[in-house]
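Undergrad: Let me see the structure of the following:
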Amino acid sequence: MKTVAEVVTVELRQGAVTGRGESVPYARYGETPESVRGQVVTAAAKIEGGAGREELLGLLTPGAARNAIDCALWDLETRLGGPPPGPPAAPVVTAMTLSLDTPEAMGKAARAAVAGGALLLKAKLDARDPGACLKAIRAAAPGIALIVDANEGWSLDGLVQLQPLLGELNIAFVEQPLPAGQDDCLAGLALQVPLCADESCHTSADLDRLANLYSVVNVKLDKTGGLTEALRLIAAARARGFSVMTGCMVCTSLGVAPAFHIAALADFVDLDGPLWLSEDRSGGVQMRPDGLLVPPEPVLWGGIRE
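TA: Next up is the predicted model:
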């Protein structure tokens, strides 16, 4: 069980103006807080020497370190009077995550989320009786849009066998059913429910391989290595006919603040990471009773620092 969110924060100063970015080192991609800090230190001299976001793409590989620096550069640029990185941040319908549990517990959690105003649910399910969990969730939330996140934990046979139930329960899509790198077998399958690439999709360079496997891609800043590549990924995905989801790791509101600027470009949004924290940064996201997630205050990221 995850009990702590470890994040790395980068601050860039120009005169009296400071820009900040946050990232989440992710063990799934071989990252640790120490390795990410090391990458940041490696790039620091170039950034201090004037390297910008375009140069950063060549300095670091996609991942948490590049994300923290890229978002700090965007924050600094906007505070110095530059344009925002995308559409203005605005309240969005976000998926509310249902953690993996027993069918009864997941049904109860779904009922509580709907009572709290949730308009979109995302169920984390492994290969242990996902059908029973889905039935319990749908019974508790009959009219709510529902996404399934398999987290690379299903088999091809399991995915195929679940298709009638997934269609019957009106599942919006299944996210990453098979392990990344082992998903070529998805090509040509006639499925009732669309599939979304998460771990299989990091940057726009991945799209050609994914074109015959998935119809949705999950864009996360910690995978793309920042907003600069995220914007390119979304544009390239749209050009190839993919639908788009904007996601996040479990992080503070500083980590999701930049993602609100691409959320308006997405079909689905999953930015509930800060809501899992017992303590967030001041001026962070707020969940309204009508189910909309309100972006952080501009003072936190992308605005004038008080």
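
Undergrad: tell me the contacts of the residue nearest the centre of the chain?
TA: Central residue of the chain (CA atoms, centre = their mean): residue 247, 1.7 Å from the mean position. Residues touching residue 247, when contacts are defined by CB atoms under 8 Å, 6 or more residues apart in numbering, comprise 198, 218-220, 270-271. In this view, the C-beta of every residue, glycine as well, is placed from N, C-alpha and C.

Undergrad: Check residue 173 too.
TA: Contacts for residue 173 were tallied using CB under 8 Å, 6+ apart; they are 147-148, 193-196, 215-216.

Undergrad: Pull up the per-residue confidence for it.
TA: At residue 173, the model reports a pLDDT of 98.

Undergrad: That one looks like it's in a helix, true?
TA: No - according to DSSP: H, G, I helix; E, B strand; the rest coil, residue 173 belongs to no helix; its state is strand.

Undergrad: How is the chain divided into domains?
TA: As recorded under automatic domain parsing, the domains making up the chain are 8-79, 92-294.

Undergrad: now the end-to-end length of the first one.
TA: Going back to what we said before, that points to domain 8-79. 21 Å (CA to CA, to the nearest Å).

Undergrad: per-residue confidence averaged over that domain?
TA: Per-residue pLDDT values across domain 8-79 average out to 97.

Undergrad: chain center to that domain: distance?
TA: In terms of CA atoms, centre = their mean, to the nearest Å, the centre of domain 8-79 is found 18 Å from the chain centre.

Undergrad: now do the last one
TA: Centroid separation for domain 92-294 versus its chain: 8 Å, with CA atoms, centre = their mean.

Undergrad: Okay, now that domain: how far is its last residue from its first?
TA: Terminal residues of domain 92-294 are spaced 7 Å apart (CA to CA).

Undergrad: and if you look at stretch 113-127?
TA: Distance across stretch 113-127, first residue to last, is 23 Å (CA to CA).

Undergrad: which residues are contacting it?
TA: Identification of contacts with stretch 113-127 by CB under 8 Å, 6+ apart yields 93-100, 106, 110, 133-134, 137, 140-141, 144-151, 153-155, 158, 175, 268-270, 287-291.

Undergrad: From residue 13, how far out is the residue nearest to the centre of the chain?
TA: Residue 247 sits 30 Å away from residue 13, going by CB to CB, to the nearest Å.

Undergrad: Helices of the stretch 51-200 of the chain, start to end?
TA: Applying DSSP state H, counting those that start in this stretch to the stretch 51-200 of the chain gives helices spanning 53-59, 64-79, 103-115, 130-140, 156-168.

Undergrad: looking at those helices, which is buried most?
TA: Highest mean neighbour count among these (mean count of other CB atoms under 10 Å): helix 64-79, with a mean of 26.
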